[in-house]
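Chemist: Predicted model, plus sequence, below.
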Amino acid sequence: MLSIKNLHARVAGKDILKGLDLEVQAGETHAIMGPNGSGKSTLAHILAGREGYEITHGSVTYLGMELLTMAPEERAREGMFLAFQYPVEIPGVNNVYLLKAAYNAIRKHRGEEQLDAVDFLALVKAKMQLMEMDASLLSRAVNEGFSGGEKKRNEILQMLVLEPKLALLDETDSGLDIDALKVVASGINRLRSPERAVVMVTHYQRLLDYIEPDFVHVLAGGRILKSGDKSLAVELERRGYDWVLAEAAA
Amino acid sequence: MNETASMSTQTSDVEKLVRSEYRHGFVTDIEADTVAPGLNEDVIRLISGKKHEPQFMLDWRLRAYRHWLTMREPQWAHVRHAPIDYQAISYYSAPKSKRNAPKSLDEVDPKLLETYEKLGVPLHERARLAGVAVDAVFDSVSVATTFREKLAKAGVIFCSFSEAVKSHAQLVEQYLGSVVPYSDNFFATLNSAVFTDGSFVFVPKGVRCPMELSTYFRINAANTGQFERTLIIAEEGAHVSYLEGCTAPMRDENQLHAAVVELVALEGAQIKYSTVQNWYPGDENGVGGIYNFVTKRGDCRGNDSKISWTQVETGSAITWKYPSVLLRGDNSIGEFYSVAVANHHQQADTGTKMVHIGRNTRSTIVSKGISAGHGQNSYRGLVKVLAGAEHARNYTQCDSLLMSDRCGAHTFPYMEVKNPTAKVEHEATTSKISEDQLFYCRSRGISTEDAVNMIVSGFCKDVFKELPMEFAVEAQRLLAVTLEGTVG
Ligand SMILES: Nc1ncnc2c1ncn2[C@@H]1O[C@H](COP(=O)(O)OP(=O)(O)O)[C@@H](O)[C@H]1O
Ligand SMILES: [Mg+2]
């Protein structure tokens, strides 16, 4: 589904990714861990199409398409979704209105009929219940004045409504209390299926207690330094990252 | 208090978006009955004579002219323009023939038609707006007649100002200049001397005008020229809603526009005046745009009366206007809702004045300024509470949205409060459409254009909801087209 080959990227004159490789197949769940500032969000942003990164080398294919030539909205319409580490506030724009516009843009791209406001609201309300979100968040401006936890739930709500093929989750678990974490994790699990893939960036093993990954990768020094199964996450939790770096340097 | 905000972001998409071309491009060559350029008493006598005006009207014009000669053109800190040569302007021009106008829509610039399409201008109106030389392009005559009958039955007078001067001279004489005296300000005084036409509305005691005075107006809108004069009178308990302007782009040979609008609300009367204006703003370098200096004032003369101004302004090279309300009657209410867009090199200096004179008077001001390109948007508001205005209240909210790193937003709220029981509140915000917001929307599958429209509409919501329904939809589209650009 997603194939990243020897990706080099720089931002503001600084090399961040230095030869990153990653293969993701449909049905798989990957966890990416790594020290702060190692480039995890940078990778997520590049995959989602944010401007401002200079790709100096490498290639990315997504569902057989040259991902790096596609506009962000094209990527989204082709089933890619990024749950942001820091969701942005958009004053004045109604939360459910944005979501409906997104939903219908994606349906339009697929040649499907637009959903009217009534049907759409019913759909969203059902998903909101799963996320144990207060209905009042629908009529508020996008993320405006949302608590940290509410923002993260809102991201997952969007994901559940848009039903992406590839979900990139950037530290969706950070800043959540244990109850919220369970809700968010069950939302993510609900999306998992043989046709979809999930790539989640996390610092904590505890998320992986709820969402069992098929692969765990360590991103450090701009590359995937080590990959393994879920036991790697347990080991990282116990030993930190230094030994991985040392191992790679050796 | 004096706030100035300018923004800086390294934006590319936002820039591209707002740099869209003005989709316009026709100049109609109308053979006109035109008076040679220049202004003197003879020209004024000529205008008055051509219009067969009664003596009082001529006398009033001459008084205004003589006063104007003693006045100086005002200077404003935030508006810059090339000097206007008042002797180079022709003050009377009556369209005579449309011989050189396009014969059908086929001859009209396709770009213009595209704009009409985008703005959702009904097919039958496009020809008129594009200046097609067919007299009855559609069955406007019958439609207009139906409206006229309906209005007449209710006792509402709605006609051109010229007609009112002749047929309703007494009303005109009684009310003209009673809100904006001929000596009011440089441009209003010039208008008083040379105005050519405009609209007149009179709603008698207890009557609620049976329709929005828009459709009628728009179908019959004649080319009223650069010195327009409007007078609206609502007698005791009367209600009226008046819509001015049009979302379709308007181009005019006359660079200088100086209109005057006077509203009079007697006891318990309500006047709602909405404007959507889309004058030609000039090209990307600001060349050829309209200078729009307007004096609009409402007088809540009676107790419990109410006047609301709502405006959406996207055009003009320079806009200078401050719709105001004099809150004379006890418990009277004044409102001002405004969206002003300054794009390219446009300069918008707008705002309002609320003058609290009566007791328990209330005013609300909601101003939304959008700046793009090199646009400079200034809000200038004055809230004045006189000593006798016990328990007067004002709420002002002033928001600016910036869309490039070269545009600016400036807010100048002035308050003069002479009564200790008054309550005056002011809130101001400045925000910008950020790349982060656009990326967020795009990462959800929404195009940049749609994302910008969504953010802009959200920003303007509080004003749009004050517009009559059909106008609100048009206004929203207008902003979308105004701020549209090529994506990619
Ligand atoms: N726009 C930017 N300008 C300059 N440096 C940046 C920018 N974006 C990211 N960086 C730098 O790139 C590195 C990786 O950042 P990030 O991808 O956010 O790390 P992570 O998500 O792994 O914590 C950091 O050193 C960060 O400061
Ligand atoms: Mg990060």
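Modeler: Cool, the structure landed. Everything numeric here is computed off the predicted structure, so don't read it as measured data. Ligands and ions are numbered 1, 2, ... in the order given.
Chemist: Three-state assignment for B:I233, please.
Modeler: With DSSP: H, G, I helix; E, B strand; the rest coil as the basis, B:I233 sits in strand.
Chemist: Write out the residues of chain A neighbouring ligand 2.
Modeler: Chain A has residues A:40-41, A:85 near ligand 2, with proximity defined as C-beta under 5 Å from the ion. C-beta: built from backbone N, CA, C; applies to glycine.
Chemist: From these, which land in helices?
Modeler: Those of the residues of chain A next to ligand 2 mapping onto helices are A:40-41, per DSSP state H.
Chemist: worst-scoring helix or strand of chain B, pLDDT-wise?
Modeler: Sorted by mean pLDDT, DSSP states H and E, the helices and strands of chain B end with strand B:3-6, the least confident at a mean of 34.
Chemist: Identify the residues contacting the residue in chain A that ligand 2 sits nearest to.
Modeler: The nearest approach of chain A to ligand 2 comes at A:S41, 3.1 Å away (C-beta to the ion). Residues in contact with A:S41 (C-beta atoms under 8 Å, 6 or more residues apart in numbering or on different chains) are A:85, A:170-171, A:201.
Chemist: Then A:L43?
Modeler: By C-beta under 8 Å, 6+ apart, the neighbours of A:L43 are A:7, A:17, A:20, A:32, A:219.
Chemist: Mind putting these into CSV with secondary structure, neighbour count and pLDDT?
Modeler: Putting those into CSV (DSSP: H, G, I helix; E, B strand; the rest coil; neighbours: other C-beta atoms under 10 Å in any protein chain shown; pLDDT from 0 to 100) gives the following:
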residue, secondary structure, neighbour count, pLDDT
A:L7, strand, 24, 96
A:L17, strand, 26, 95
A:L20, strand, 23, 96
A:I32, strand, 25, 96
A:L219, strand, 23, 94
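Chemist: Could you find which two of those are furthest from each other?
Modeler: Spatial extent of the contacts of A:L43 (C-beta to C-beta) is set by the pair A:L7 and A:I32 at 13.2 Å.
Chemist: Contacts for stretch B:414-426, please.
Modeler: With C-beta under 8 Å, 6+ apart as the criterion, stretch B:414-426 contacts B:1, B:356, B:380-398, B:413.
Chemist: Can you tell me what sits against stretch B:35-45?
Modeler: Stretch B:35-45 is contacted by residues B:46-47, B:58, B:61-62, B:65, B:86-93, B:193-194 when judged by C-beta under 8 Å, 6+ apart.
Chemist: so which residue of chain B comes closest to ligand 2?
Modeler: Residue nearest to ligand 2 within chain B (C-beta to the ion): B:D436, separated by 14.5 Å.
Chemist: and that residue, how many neighbours?
Modeler: The tally of other residues near B:D436 (other C-beta atoms under 10 Å in any protein chain shown) stands at 16.
Chemist: For it, grab phi and psi.
Modeler: phi -60, psi -40 (degrees, to the nearest 10).
Chemist: Who are the contact partners of it?
Modeler: A:V88.
Chemist: Please apply the same query to A:N95.
Modeler: Counting by C-beta under 8 Å, 6+ apart, A:N95 touches A:137-143, A:154.
Chemist: Quick check: nearest residue in space to it, chain neighbours excluded?
Modeler: A:V142 (5.0 Å; C-beta to C-beta, 6 or more residues apart in numbering or on different chains).
Chemist: low-scoring stretches of the stretch 51-200 of chain B, by residue?
Modeler: Along the stretch 51-200 of chain B, segments meeting pLDDT under 70 span B:76-81, B:93-105, B:107-146.
Chemist: residue ranges for the strands of it, please.
Modeler: For the stretch 51-200 of chain B, the strands defined by DSSP state E, counting those that start in this stretch occupy B:93-97, B:157-160, B:197-203.
Chemist: In the longest one, which residues are buried?
Modeler: Okay, so that is strand B:197-203. B:197-203 (16 or more other C-beta atoms under 10 Å in any protein chain shown).
Chemist: try the second one
Modeler: Burial within strand B:157-160, assessed by neighbour count using 16+ other C-beta under 10 Å, is assigned to B:157-159.
Chemist: can I get the residues you listed in JSON lines with distance to ligand 2?
Modeler: Shown next, in JSON lines, are the buried residues of strand B:157-160 (distance: C-beta to the ion, whole Å):
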{"residue": "B:I157", "distance to ligand 2": "68"}
{"residue": "B:F158", "distance to ligand 2": "64"}
{"residue": "B:C159", "distance to ligand 2": "68"}
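Chemist: between those residues, which is nearest chain A?
Modeler: Within the buried residues of strand B:157-160, the smallest distance to chain A is 36.7 Å, found for B:F158 (C-beta to the nearest C-beta).
Chemist: wait, the closest one sits on B:P210?
Modeler: No - B:F158 lies out of contact with B:P210 (C-beta atoms under 8 Å); the separation is 11.0 Å.
Chemist: Give the residues shared as contacts by the two.
Modeler: B:L151.
Chemist: Give me the number of neighbouring residues for A:A122.
Modeler: 10.
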